[in-house]
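Chemist: Let's see this in three dimensions:
(chains A, B, C and D, ligands or ions: 2)
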Amino acid sequence: MTAANTKAAGQPQNMEALAREFGLSADEHKLTQSILGRTPNVTELGVFSVMWSEHCSYKSSKKWLRKLPTTAPWVVCGPGENAGVIDIGDGMVAIFKMESHNHPSFIEPYQGAATGVGGILRDVFTMGARPIANLNSLRFGDPKHPKTRHLIAGVVGGIGGYGNCVGVPTVGGECTFHPRYNGNILVNAMTVGLARKDRVFYARAAGVGNPVVYVGSKTGRDGIHGATMASAVFGDEVEAKRPTVQVGDPFTEKLLIEACLELMATDAIVSIQDMGAAGLTSSSFEMAGKGGLGIELDLDKVPQREPGMSAYEIMLSESQERMLMVLKQGREAEAERIFRKWELDFAVIGRLTDTGRLVLRQHGQVAADMPVAPLSEQMPEYARPWVPSAPRSSVDANSVPIPDDIAGVLKKLISCPDVASKRWIWDQYDHMVMADTLQRPGGDAAVVRIHGSDRALAITTDCTPRYCDADPKVGGAQAVAEAWRNITAVGAKPLAITDCMNCGNPERPEIMGQFAGCIEGMAGACKALDFPVVSGNVSLYNDTGSTGVQPTPSIGGVGILDNLRVMQTIALKGAGHALVRIGHTRGHLGASLYLREIAGREDGAPPPVDLQEERRNGDFVRTFIQTGKSLACHDVSDGGLLVAVAEMAMAGGIGAKLEIPTAALPPHAFLFGEDQARYVLEVAESDLATLLTHAENEGVIARRIGTTGGASLTGIGGWAISVSELKAANEAWLPAYMSGSA
Amino acid sequence: MKARVHVTLKQGVLDPQGKAIANALHALGFDSVIGVRQGKFLELDLKDADTASAEKSMRSMCERLLANTVIEDYAFEVWK
Amino acid sequence: MKARVHVTLKQGVLDPQGKAIANALHALGFDSVIGVRQGKFLELDLKDADTASAEKSMRSMCERLLANTVIEDYAFEVWK
Amino acid sequence: MKSAVIVFPGSNCDRDVAVALARVTGSAPTMVWHGDRAIPKVDLIVLPGGFSYGDYLRSGAMAAHSPVMTEVASRAKQGVPVLGICNGFQILTEAGLLPGALIRNAGLHFICRDVHLKVENTGSMFTRGYKTGQVVRIPIAHADGNYRADPMTLDRLEGEGLVAFRYCSAEGTVGEAHSPNGSARNIAGIFNEKRTVLGLMPHPERMIEPMLGGSDGRPFFEGIAEALAA
Ligand SMILES: Nc1ncnc2c1ncn2[C@@H]1O[C@H](COP(=O)(O)OP(=O)(O)O)[C@@H](O)[C@H]1O
Ligand SMILES: [Mg+2]
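Modeler: Numbers count the residues shown, from 1 in each chain, chains lettered A, B, ... in the order given. Ligands and ions are numbered 1, 2, ... in the order given. A predicted model of the protein is given here:
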């Protein structure tokens, strides 16, 4: 038990001190007293503290999140519910969200990551969707840091262990490294589900007198104050916070998915809400609050794993694999039969009232009695002071030495930790279960077929933290644009995003400035690309001591592919085809991978994001793909043009001869510059003229850059490297590193 | 020298495996089972010359690798 | 009553986990480790009234479920 | 043909194999809940992949004691074909319907990837769609696929032609280097004595159309349909 729990069990003398220990400021504690008209008891104080924690209340970020565009004709439900809902046609919706589990994963990588997956799955199936895909965005510290290897092994094991067991394919994600994550890794998990449009379930309670039902696993003393932990800066007290980590039970989750979906096929459910952070507290408040009702719970009826749990412990437990539902009266037996069949706990623990109050009873006494609406309406909201990040000057390519060994540089880039193949990771994820994975990890976006149809979802997660660190606004826009581009590159139409905003301590103005900048950039990109935000999550206080992580707004994008026959992959398909670059190459080296990995510099402004050009080029590429004439497509990102071509060559096992003009730009700027809004297409010679003419008509820059064929990549000046050598280098780093030999 | 390590989940930490095993035993008709907790058990062969040094390295192995002290407790014995 | 069961791989059956743990310990510099074998360890709470009946049900549980006697050996103790 | 797919708590490839059966053989299987003691009269029983009971304790151990398994065993004894894929294979060994055991992969990790298999014996309804010695590409997805049995059992399996599939290279070379999980003698799938029961770790149901990455799993189900039509 933590110190807080011990005190909570008895009768603490100093409520003021306890409030502070629970993470409530003096002002917030005063507010609790004015809301209740008296001093809260320990249980009530605990409820206030978790409801008003940064993690649950978004008190520092709310003001900024309102700037994100959240609507489009296809958005069925934007932020505010458990997950976002978009119309994907044919009477179907896609439901998705991303969430962080950074702090628990640092403390206990396997279970922290596993329960992160479990939590995000529940957010999605609680809305009536069958989960069809998981993704994850991972940021680790320097590979040389002594903890990194152990953290990777645990996190990957935990994500796989949970996702594989529940039988939802883990189809994509990202994984990069930087010393700024040494003391605070990021583990963001995303789930996408499918439901019928007329069968979406919401959290809003309705119907005074309706039974409140608890299903799933029993409540134990695990994870108490997890939400508050997620809102605290890591320091030396990490050790003391340990018992707040929970153990996941994916087997029970699988049963819970099946049982919930079975009950959802009837019309017995009025509302449903998973018990995530702050468990029974936030789920009951959320349901009652959204319905404008009151709720009465008999805590003696809550299924409990351990004897003698206090009201405080029951309300704050973050035991996993639990759900709270409001059923229609008289449907309890039918629901109970389903949950018993799936060997899950089922208990009617209370009912809805018209009092607008949350009343908890235990052992025949009232353990808490608090008004529902004021708790959320008067939730603290902070306009934290912020300072904009200082702009960086751009890097003149001529100030960066020109390499004489292009092939060597390419090999170094494709085997550096950020670009090296992540096969070692996705091999441990069952990415094929459900037998609808049309594009496995390794490409631009995962493609998962809508079961039983000939349409598919394209899904990706993206963010380039080094850009966000260099310029949060540009980085925020770039992350959204890259997600949009990745979906476009497989031939799909981008529809909407979820996000996970990972930043440092919001009480520091420069961090708040990073957060604000990222949001501003994202908002602009979402608007320009018609790519609204429908759900998301904020994770602040990602600091160790005084170092914050690089601002990392992870973007999870979803698009629809209506015609599977034109689906693109990055793999080159044959010899003798033309390679065409779409988009303007300006040779931008600032904040590039080349600058960091080859020149050993991390300075400079990131590549500018021209949203009009982004839109024009992407729409052009998608339209061309729809004609069926494109053979392969890949967007240009980390490492620039040559890395993109190399990835296409490695995926296809086919080489290419590049005819890159030596003209305007120095070779390293041309080959490794990270200008945005670019793609590489493979087309038959006979289709080349059409492509170039169309591009010209649309005002899109399209340039032939080479011809496919052979076993090597070769370039002007006679440099060459075999595709197999590249592939070996690309595949080798991570397994070698994990086995301790790199 | 020989050593044996028992690694068990801390009190209060959910033990999904133990829970599932208990259910399976009930289904098989073993009604006398109240509860099951599952742990790990390791047997080691060591080159250490004496008990004191073996104990010292065992403690360090448990802390650093064999147990995850966030959620697990460990106990070991060492003998010749 | 209480019972403890130890389930271990039979002599001669490959133990990938034990081998991996030994390698990991070597990598951490624990050079005194010669070998590791990993097993399972279960603690049961039983309603049985006496040792004889508890032992009888324990043997049957081990044979039927707790150990796979194709590859595993088991041993148990029972006490009040 | 009539078939049944047994669904255990934690099964997760039950739908996938049902879809493959329906699409390739033209007739959809009956799904049977593990708690039901009765199985309809069918020509084929399938134990699907997944994590029955979370694979806690040992993979397949608890499912092997499910109420329905008594009936599966007695049908198998009567000669009704039984197919166990992945977790289904683990359940068959735990239930004693196939010899040996499947333990943790040699590399300890869960592995999901396409592997090459050599078809060792086509004298069964499950393998008749292939040619002897044919090399096929089929995915695996498991943490416990390392097949173990005592040398006598292994010799007997080999001697009596009861090895169905072995892991091999793309060129068909069988050897330790080509075993993804450390399986004894590269064994990926085995039959019972009459070759009416097959357990295999790879997932043919995930490879039935080019869109999914290949069609090498198709002949597996086509062979079953032919055998049962005959
Ligand atoms: N960065 C963000 N962008 C958009 N919406 C957000 C963001 N962060 C949180 N939200 C929305 O706020 C609501 C509450 O989020 P959260 O507390 O994480 O959900 P849950 O309680 O289901 O875990 C959700 O509807 C979520 O989609
Ligand atoms: Mg939720």
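Chemist: Grab the CA positions of stretch A:271-287 and hand them over as CSV.
Modeler: Taking C-alpha atoms only, stretch A:271-287 is exported to CSV below (Å, rounded to 0.1, in the frame of the first residue of the first chain):
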residue,chain,number,x,y,z
SER,A,271,-25.3,3.2,-21.9
ILE,A,272,-22.0,1.7,-21.3
GLN,A,273,-18.6,2.9,-20.2
ASP,A,274,-15.3,1.1,-19.5
MET,A,275,-13.5,1.5,-16.2
GLY,A,276,-10.2,3.0,-17.3
ALA,A,277,-8.2,5.6,-15.4
ALA,A,278,-9.9,6.3,-12.0
GLY,A,279,-12.0,3.2,-12.5
LEU,A,280,-15.5,3.2,-10.9
THR,A,281,-15.2,6.9,-10.0
SER,A,282,-14.8,8.3,-13.5
SER,A,283,-17.1,5.8,-15.2
SER,A,284,-20.0,6.5,-12.8
PHE,A,285,-19.5,10.2,-12.9
GLU,A,286,-19.2,10.2,-16.7
MET,A,287,-22.4,8.2,-17.2
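Chemist: can that stretch be found next to ligand 1?
Modeler: Yes - for stretch A:271-287, a contact with ligand 1 is found by CB under 6 Å from any ligand atom, at A:Gly276, A:Ala277. No exception for glycine: its C-beta is placed from N, CA and C like everyone else's.
Chemist: Distance from the chain centre to that stretch, please.
Modeler: Mean-position distance between stretch A:271-287 and its chain equals 21 Å (CA atoms, centre = their mean, to the nearest Å).
Chemist: just stretch A:445-458 next, same as before
Modeler: Centroid separation between stretch A:445-458 and its chain, computed with CA atoms, centre = their mean, is 20 Å.
Chemist: Specify the local secondary structure of D:Cys112.
Modeler: Secondary structure, DSSP: H, G, I helix; E, B strand; the rest coil: D:Cys112 is strand.
Chemist: Is it in contact with A:Asp427, as I believe?
Modeler: Yes - between D:Cys112 and A:Asp427 there is a contact under CB atoms under 8 Å: 6.0 Å.
Chemist: between those two, who's got more neighbours?
Modeler: D:Cys112 (26 against 21; other CB atoms under 10 Å in any protein chain shown).
Chemist: For that one, list the residues it contacts.
Modeler: Contacts for D:Cys112 (CB atoms under 8 Å, 6 or more residues apart in numbering or on different chains) come out as A:Asn164, A:Trp426, A:Asp427, A:Gln428, A:Tyr429, A:Asp430, A:His431, A:Met432, D:Pro139, D:Ile140, D:Ala141.
Chemist: Who wins on neighbours among the residues you listed?
Modeler: A:Asp430 (35 neighbours).
Chemist: how about that one, what does it touch?
Modeler: A:Gly160, A:Gly163, A:Asn164, A:Gly167, A:Pro169, A:Thr170, D:Phe110, D:Cys112, D:Ala141.
Chemist: Write out the residues of chain A neighbouring ligand 1.
Modeler: Residues of chain A lying near ligand 1 by CB under 6 Å from any ligand atom: A:56, A:65, A:68, A:79-82, A:97, A:99, A:123, A:276-277, A:499, A:501, A:533, A:535-538.
Chemist: Return the subset of the contacts of D:Cys112 lying in helices.
Modeler: Mapping the contacts of D:Cys112 onto helices (DSSP state H) picks out A:Asn164, A:Trp426.
Chemist: Now render the contacts of D:Cys112 as a markdown table, adding pLDDT.
Modeler: Compiled in a markdown table, the contacts of D:Cys112 are given as follows (pLDDT from 0 to 100):
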| residue | pLDDT |
| --- | --- |
| A:Asn164 | 98 |
| A:Trp426 | 98 |
| A:Asp427 | 98 |
| A:Gln428 | 98 |
| A:Tyr429 | 98 |
| A:Asp430 | 98 |
| A:His431 | 98 |
| A:Met432 | 98 |
| D:Pro139 | 98 |
| D:Ile140 | 98 |
| D:Ala141 | 98 |
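Chemist: circling back to that earlier point, give the buried subset of the residues of chain A next to ligand 1 as a PyMOL selection command.
Modeler: Here is the PyMOL selection string for the buried members of the residues of chain A next to ligand 1, based on 16 or more other CB atoms under 10 Å in any protein chain shown:
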select buried, chain A and resi 56+65+68+79+81+82+97+99+123+276+277+499+501+533+535+536+537+538
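Chemist: how about B:Gly77, secondary structure?
Modeler: I think there's a mix-up here, since residue B:77 is Glu and not Gly. Criterion first, three-state DSSP; result for B:Glu77: strand.
Chemist: how far away is the closest residue to it other than its chain neighbours from A:Ile224?
Modeler: Counting by CB to CB, 6 or more residues apart in numbering or on different chains, B:Glu77 lies nearest to B:Arg4, which is 5.3 Å off, once chain neighbours are set aside. Separation of B:Arg4 from A:Ile224 (CB to CB, to the nearest Å) stands at 33 Å.
Chemist: Which stretches in the stretch 401-550 of chain A count as strands?
Modeler: A:437-439, A:446-449, A:456-462, A:493-502, A:533-539, A:543-544, A:547-548 (DSSP state E, counting those that start in this stretch).
Chemist: which of B:Arg4 and A:Ile224 has more neighbours?
Modeler: Counted by other CB under 10 Å, B:Arg4 and A:Ile224 do not tie: A:Ile224 has more neighbours, with 30 against 17.
Chemist: any chance of the strands of the stretch 401-550 of chain A in JSON lines, with distance to chain B and mean pLDDT too?
Modeler: Shown next, in JSON lines, are those (distance: least, CB to the nearest CB, whole Å; pLDDT from 0 to 100):
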{"stretch": "strand A:437-439", "distance to chain B": "27", "mean pLDDT": "98"}
{"stretch": "strand A:446-449", "distance to chain B": "28", "mean pLDDT": "98"}
{"stretch": "strand A:456-462", "distance to chain B": "27", "mean pLDDT": "98"}
{"stretch": "strand A:493-502", "distance to chain B": "22", "mean pLDDT": "98"}
{"stretch": "strand A:533-539", "distance to chain B": "20", "mean pLDDT": "96"}
{"stretch": "strand A:543-544", "distance to chain B": "18", "mean pLDDT": "86"}
{"stretch": "strand A:547-548", "distance to chain B": "23", "mean pLDDT": "86"}
